[in-house]
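>>> Prediction below, plus the sequence it came from.
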Amino acid sequence: MMELWHCKDSRSLRALWALEELGLPYQLHLLRFPPRLHAPEFLAVNPLGTVPYLIDGVVRMTESCAIVHYLCEGTDLAVPRGAPGHTDWLNWMYQGDATLTFPQTLVLRYSRLEAPERRQPQVAEDYTHWFHARLKMVNARLEQAEWLAADRFTGADIAAGYALYLAQVLGLAEGLKPQTRAYLDRLTARPAFQRANAFGQPLKV
Ligand SMILES: N[C@@H](CCC(=O)N[C@@H](CS)C(=O)NCC(=O)O)C(=O)O
C-alpha cells in the first residue's frame, strides 16, 4: 500500500486529495508542521524534512505536483499525450507550485512562521501582490471555462487549486476575482477534497 506523509493544509494536501479523488488505498502518516521540529525522526525517512513524502513500492517522491501527476497518469484525472489539452494539463499542473505557491510561502514565512523580531511585513506585502499578479492566467481561463484543462476536473485542478485553497488559509482570498472565488468554492465542495482536508488540526500560527 502507498504511504504518504502529510501536514494539515500543507502542499501534501495535493497528494492526499488526489488519492481520495482516485479512491486509492493508502497509509497516512500525519505530522505537525514543521516536521523537522515536531517529528525529527521523519528526517531519517526524508532528509529534506518536507511534506509531501510518498512511498509506493520502490518509488520515493517529494514534489507535490509531480506526485499528483504520477497518481493521475492513466486515469480520468489525466489528459493523455495526444489528447486536446494535454500540454495545458501539464502547464497548469506545474504552475500550481512553481508560480502560484512559491510567493505564498514567502508570505507565510515572513508574516507568521518567523519569530516576531524576524518578520518582514514588506516582504509579506510584496509577495501578496506577486501572488495576485500571478493569478492572471487562472483568472482569464476561468472567465471562459469551469476547469483548467480539457473542460473537465483533472489533476491540474488539484495542483493549481490547492494554491487557491492556501490563499484562503492565509487570508489572501479576499482579492480573488469572482470567477476564481467560484472555482475555489467548486473545488472545496468536492467530497474527496473534504475527506482529505478533514485530517489533522489547522496550523496554529
Ligand atoms: N516543492 C515542494 C515543496 C515541499 C515543501 O517545502 N513542503 C513544505 C510544506 S508546504 C514543508 O514541508 N516545509 C517544512 C520545512 O521546510 O521544514 C512541493 O511542491 O512539494
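Sure thing, it's come through. Everything quoted here is computed from the prediction, not taken from an experiment.
>>> any idea how far S64 is from the residue nearest the centre of the chain?
Central residue check for the chain by Cα atoms, centre = their mean: the C-alpha nearest the mean position is that of Y162, 3.6 Å away. According to Cβ to Cβ, to the nearest Å, Y162 stands 8 Å off from S64. (Glycine included, C-beta is placed from N, CA and C.)
>>> residues shared between the contacts of the two?
11, 14, 96 (Cβ atoms under 8 Å, 6 or more residues apart in numbering).
>>> Once you drop chain neighbours, what's closest to the first one?
Think R11. Distance criterion Cβ to Cβ, 6 or more residues apart in numbering; nearest residue to R11, sequence neighbours excluded, is S64 at 4.0 Å.
>>> ok, that neighbour - contacts?
11-12, 14-15, 52, 96-97, 159, 162.
>>> And I158, by the same measure?
Counting by Cβ under 8 Å, 6+ apart, I158 has contacts 14, 17-18, 21, 68, 72, 77, 96.
>>> related to what we said a few turns ago, my read: the residue nearest to the centre of the chain touches Q104, true?
No. Taking Cβ atoms under 8 Å as the definition, Y162 is not a contact partner of Q104, at 10.1 Å.
>>> Would stretch 189-203 count as contacting the ligand?
No. For a cut-off given as Cβ under 6 Å from any ligand atom, stretch 189-203 has no contacts with the ligand; the smallest distance is 9.9 Å.
>>> Mind listing what's buried along that stretch?
Of all the residues in stretch 189-203, those buried under the rule 16 or more other Cβ atoms under 10 Å are 190, 192-193, 196-197, 200, 203.
>>> Out of the residues you listed, which one has the weakest pLDDT?
Lowest pLDDT among these: L203, with 62.
>>> Name the nearest of the buried residues of stretch 189-203 relative to V123.
For the buried residues of stretch 189-203, the closest approach to V123 (Cβ to Cβ) belongs to L203, at 19.2 Å.
>>> can you pull out the strands in this protein?
Residue ranges of the strands in the chain, as given by DSSP state E, are 2-6, 26-30, 53-56, 59-61.
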